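Asker: next comes the sequence, and after it the predicted model I'd like to discuss.
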Amino acid sequence: MEIRTGGLDHPDVVALLQEHLQGMALLSPPESIHALDLDGLRDPRITFWSAWEGGELVGCGALKQLDGVHGEIKSMRTASRHRRKGVAAGLLEHILAEAGRRAYRQLSLETGSMQGFAPARALYARFGFALCGPFADYRQDPNSVFMTRAV
């Protein structure tokens, strides 16, 4: 798997991010969707990566700088036909390594509380993320699960 920085203008990436937003809309009420659209991912505090295998887009993920020592994982998505093949784990390892290079002390994320998000929560737990309260601008929400870990 080749992980590339950027790619927000690539049609396959645009399509995957649209799929991501549609998936969030199917699982979460509108007020509980914290996924970013293309413009949101262009924020200078966000680094976006696309993952490719044999010329095919297999997933994406992003890292948002919250402050000098705290980052947030955003927009983790595996292309539907590549789920359960280790794509998300590879992207997460890449993001964790980058957080370490940036000397972050903490990495946090928000994901859904519904059953459809159980695989994501299990992946993050496997990588040492633990439940925490809301961080940054998030508020307590029964549809959200907040997780964090030291880097």
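Answerer: Happy to help now that I have it. Here the structure is a predicted model, which is why all the values come from computation and not from measurement. Numbering: from 1, shown residues only.

Asker: name the element the closest residue to Phe117 other than its chain neighbours belongs to?
Answerer: Distance criterion C-beta to C-beta, 6 or more residues apart in numbering; nearest residue to Phe117, sequence neighbours excluded, is Thr111 at 5.1 Å. Any C-beta I mention is one placed from the backbone N, CA and C, and that applies to glycine too. With elements taken from DSSP states H and E, the one containing Thr111 is strand 106-112.

Asker: so for the very next helix or strand once past that strand, mean pLDDT?
Answerer: For strand 106-112, the succeeding helix or strand toward the C-terminus, using DSSP H and E, is helix 118-126. The pLDDT scores in helix 118-126 average 97.

Asker: which strands and helices lie in contact with helix 118-126?
Answerer: Helix 118-126 is packed against helix 87-101, strand 106-112, strand 144-150, with contacts defined by 3 or more C-beta pairs under 8 Å, 6 or more residues apart in numbering; DSSP states H and E.

Asker: quick one: distance of that helix to the chain centre.
Answerer: 12 Å (C-alpha atoms, centre = their mean, to the nearest Å).

Asker: check stretch 82-89 too.
Answerer: On the basis of C-alpha atoms, centre = their mean, stretch 82-89 sits 13 Å off its chain's mean C-alpha point.

Asker: hmm, who's touching that stretch?
Answerer: Outside stretch 82-89, the residues that touch it by C-beta atoms under 8 Å, 6 or more residues apart in numbering are 1, 51, 53, 58-59, 61, 76, 78-79, 120, 123, 126-127.

Asker: ditto for stretch 52-59
Answerer: The contact list for stretch 52-59 (C-beta under 8 Å, 6+ apart) reads 1-4, 10, 12-13, 16, 50-51, 76-79, 82, 85, 87-88, 90-91.

Asker: picking that back up, tell me which of the contacts of stretch 82-89 is nearest to Arg101?
Answerer: Gly61 (15.5 Å; C-beta to C-beta).

Asker: so the helix or strand containing the closest one versus helix 87-101, what angle?
Answerer: Using DSSP H and E, Gly61 sits in strand 56-67. Angle between the axes of strand 56-67 and helix 87-101 is 30 degrees (criterion: axes from the mean of the first three to the mean of the last three C-alpha atoms, to 10 degrees).

Asker: for the residue lying closest to Gln106 once chain neighbours are set aside, give me its contacts.
Answerer: Spatial nearest neighbour of Gln106, excluding adjacent residues (C-beta to C-beta, 6+ apart): His70 at 4.7 Å. Taking C-beta under 8 Å, 6+ apart, we find His70 in contact with 104-108, 135.
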